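Engineer: Structure, please.
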Amino acid sequence: MKLKITPITFTRYAGPLGAMLIAAADQGVAGIWFVGQQYAPDTRGWREDARHPLLEDAAAQLGEYFAGTRTRFELPLDLQSGTLFQQSVWRALLAIPSGKTSSYGEVGRSIGRPDASRAVGAAVGRNPLSIVVPCHRVLGTGGSLTGYAGGLERKSALLKLEGALM
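Structural biologist: Numbering: from 1, shown residues only. Now for the predicted structure:
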């Protein structure tokens with residue numbers, strides 16, 4: 001059996017918190033990363049296309065989010081880059097509303113894995129869809145700002161934008 005390799009198309013986005021890459025595969029938006037963040041992908045072999053309709057839509061929705069006029073994204077997502085466990089964590093993150101936060105333990109309980117806080121933290125850290133799959137809304141014990149692949153300053157700025165951090 002031959003594996004089908006899904007081609008990735010990407011564009012660059014100049015966000016207020018720094019340059020970003022937005023990537024799409026056949027199934028939907030596959031990634032949104034801050035340039036230079038931890039776990040950023042190797043884009044060699046990807047095709048750049050700023051006029052790709054899905055990428056244009058994602059960029060427009062990010063612009064609305066940063067302008068404070070969008071709290072929820074309406075994009076098809078491709079989460080296939082993760083393991084089944086990672087995908088379950090990433091889907092759980094989608095349930096955390098804008099302006100609210102959760103803990104690693106709460107996310108673990110929501111997926112039926114109450115003792116998996118560390119594994120949840122690792123999956124949150126590998127989230128390929130920054131902002132859209134809101135890993136920045138997950139806090140450490142006692143509400144502490146912990147780990148964010150894009151950096152804690154960005155995490156803090158995103159939470160302030162959403163009104164979850166004063």
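Engineer: what about the protein, any weak spots by pLDDT?
Structural biologist: 1-6, 166 (pLDDT under 70).
Engineer: ok, which stretches of the chain are strands?
Structural biologist: Secondary structure of the chain by DSSP state E: the strands cover 9-15, 18-25, 28-34, 47-48, 102-103, 138-139.
Engineer: Select, out of the ones you listed, the one closest to Leu79.
Structural biologist: strand 28-34 (8.2 Å; Cβ to Cβ). Yep, even glycine has a C-beta here, placed from its N, CA and C like the rest.
Engineer: and the angle for the closest one with strand 18-25?
Structural biologist: Between the axis of strand 28-34 and that of strand 18-25 there is an angle of 160 degrees, by axes from the mean of the first three to the mean of the last three Cα atoms, to 10 degrees.
Engineer: same for strand 28-34, what does it pack against?
Structural biologist: When contacts are defined as 3 or more Cβ pairs under 8 Å, 6 or more residues apart in numbering; DSSP states H and E, strand 28-34 sits against strand 18-25, helix 53-66.
Engineer: Buried by neighbour count: which residues of it qualify?
Structural biologist: Val29, Ala30, Gly31, Ile32, Trp33, Phe34 (16 or more other Cβ atoms under 10 Å).
Engineer: picking up where we left off before, how about JSON lines for the strands of the chain, with distance to Gly82 added?
Structural biologist: Conversion of the strands of the chain to JSON lines gives the following (distance: least, Cβ to Cβ, whole Å):
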{"stretch": "strand 9-15", "distance to Gly82": "18"}
{"stretch": "strand 18-25", "distance to Gly82": "13"}
{"stretch": "strand 28-34", "distance to Gly82": "11"}
{"stretch": "strand 47-48", "distance to Gly82": "22"}
{"stretch": "strand 102-103", "distance to Gly82": "19"}
{"stretch": "strand 138-139", "distance to Gly82": "16"}
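Engineer: between these, which gets nearest to Leu129?
Structural biologist: With Cβ to Cβ as the criterion, Leu129 lies closest to strand 28-34 of those, at 5.2 Å.
Engineer: next one: the closest one to chain centre, how far?
Structural biologist: For strand 28-34, the distance between its averaged C-alpha position and the chain's averaged C-alpha position is 7 Å (Cα atoms, centre = their mean, to the nearest Å).
Engineer: Can you check what angle separates it from strand 9-15?
Structural biologist: Between the direction of strand 28-34 and that of strand 9-15, the angle (the same axes, to 10 degrees) works out to 40 degrees.
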